[in-house]
Every structure is written in structure tokens, then in C-alpha cells.
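Student: What follows is a predicted structure for the sequence shown.
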Amino acid sequence: MKKNIFVDLILDLIPGVVEEQDENIDKAALCVKESITKGGLLLAFGSGHSYGNAIEICGRAGGLIPSKLIEEPSRGIYEMVEGVGEQFVKRTDIRENDVVVLISNSGRNPLSIEIAEFAQKQGAKIIVLTALAVSKTLTSRHSNGKLLYEYADVVLDNMGEYGDAAITIEGLETPTGGTSSIIGNILLDEMMIRALQLMIEEGYTPPIFMSANIDGGPEFNQVLLDQYAERLYRF
């Protein structure tokens, strides 16, 4: 049995992806900085396994207080069904100064495409995290023929393989070892760190979560949460 195949693969991928995406990370960080300093929110949506990327930048220690998951109740069961996103997103509070991060490896399913359409109409900035080369080979499942990346102000490319899974094990019919979650989190976390640095450089102190498991953390967080209550507690 070979060990550390996945670890070695990820460690090999990280430097190339970050170098290739450096300019796009900067552009995405600038979008986040401009949104937050203008009083907007960072919103994130990922269906299926992409939910993990979305929650990485919303509501965690060290992350922005003015951040919010776009939570679709079915957890993506109907992501391939056109019209579901259009109805769902009507109840989602997206505004002009917001920045919306949409995560989809394929970028072909109607749910995320319809959220992107709505966010675009609201005037929000859109950051799309996807496997760009793969997405460009696919056919949209939406009748408008568009893929998610086509709505983006900035695309972050996780440079994943077709089908995401990247490791072949003899005896298995299909590959295993999906790379998109780890690479996606690295791109998004780097984006957030750069955005926070830009805010500080501009003289703006970003409101970020202290860990709730540190003494005083819940009290510290609540003071800031109260300032954004009107937005954070709306659907």
C-alpha cells in the first residue's frame, strides 16, 4: 500500500495554483474590501460538497462578522432543476454593495446560475470559484446556455480535473481524492487575508470574529453582531 498519495498530490498542486491565481486573488480581495468598507456583506453559496468552501469564509473565528451563508434548504437536491434557484433567491437579501462568492466545480447547474443572475441584477460583485478549464468543456444545464463563470467579476480557478477526483487506485473503477475542497479553501482564505490587509492599509478596522471558545469571545462577537443584525438575521 502506498501512503501519502493524496498529501503529496495536494502539496504539489498548491504552489502552482496560488502562483497562477495570484492576480485573481488580488482582484477578489479588492472586491471584498470595497464591499465591506462600503457597509456591504460578504455572502457565499456552495451546493453539495462546495458548501464546505462557503462555510470556510462565513461565521468562523478570524472571519468577517458581516458575512453570511446563502443557505438553500434542500442542500442542493434540486440544483439541476431549472427554476428552483429563481424562486429561492427571491427571498435572499442581496444588495448593491454586497460581494457574493459562488462555488461550483462544474458551474453548469441552474441553481447557482440563477443565484448569480439575481446577484448581478442587484448590482452585487460576483466572485466565482470553479474548475475553469473543466467548466469550459461542459454544457450548461440552464436553458440560457450560460455557465457560472460567465457571471463573474472575478474567477478563482481551483485548476481541478474533470470529475474532481484526481487519484487512480488499481482495482477501483473510478478515480478518488477530490482536490477542489482543499485547493478552494486555500484560495478563499488567501483572498480573505489579503482583503483584511487592504482594509487595514486603508485605515479601516475590519470586524472579525473572535473564537467563541476563548474567554470573552462571545461577548466580543455579540457587540459586533448587533451592529449588523438588520442584515445578518434576514433570510
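Tutor: Cool, got the structure.

Student: show me where pLDDT drops low in this structure?
Tutor: 234-235 (pLDDT under 70).

Student: what ranges do the helices span in the chain?
Tutor: Ranges of helices in the chain, per DSSP state H, are 5-20, 22-37, 51-56, 84-89, 110-122, 132-135, 180-201, 217-227, 229-232.

Student: Give me whichever of those helices is most buried.
Tutor: Comparing the helices of the chain by mean neighbour count (mean count of other CB atoms under 10 Å), helix 110-122 ranks first with a mean of 22. From N, CA and C alone the C-beta is placed, and that goes for glycine too.

Student: Check the offset of that helix from the chain's centre.
Tutor: Mean-position distance between helix 110-122 and its chain equals 14 Å (CA atoms, centre = their mean, to the nearest Å).

Student: now swap in stretch 44-58 and tell me
Tutor: 6 Å.

Student: start to end distance for that stretch?
Tutor: Counting by CA to CA, to the nearest Å, you get 7 Å between the two ends of stretch 44-58.

Student: again with stretch 140-150
Tutor: 11 Å.

Student: in that stretch, what's buried?
Tutor: Neighbour counts using 16 or more other CB atoms under 10 Å place 140-142, 147-150 of stretch 140-150 among the buried residues.

Student: So which of these is the closest to residue 85?
Tutor: residue 142 (9.1 Å; CB to CB).

Student: who's in contact with the closest one?
Tutor: Neighbouring residues of residue 142 by CB atoms under 8 Å, 6 or more residues apart in numbering: 82, 108-110, 113-114.

Student: And the residues you listed, which two are furthest apart?
Tutor: Most distant of the contacts of residue 142, by CB to CB, are 108 and 114, 12.5 Å apart.

Student: coming back round to it: tabulate the helices of the chain (a markdown table), appending distance to residue 72.
Tutor: Listed next are those as a markdown table, based on distance: least, CB to CB, whole Å:
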| stretch | distance to residue 72 |
| --- | --- |
| helix 5-20 | 28 |
| helix 22-37 | 22 |
| helix 51-56 | 9 |
| helix 84-89 | 6 |
| helix 110-122 | 7 |
| helix 132-135 | 20 |
| helix 180-201 | 18 |
| helix 217-227 | 23 |
| helix 229-232 | 18 |
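
Student: Minimum distance to residue 169: which of the ones you listed has it?
Tutor: helix 5-20 (8.3 Å).

Student: elements contacting the closest one?
Tutor: strand 165-167, strand 176-178, helix 180-201 (3 or more CB pairs under 8 Å, 6 or more residues apart in numbering; DSSP states H and E).
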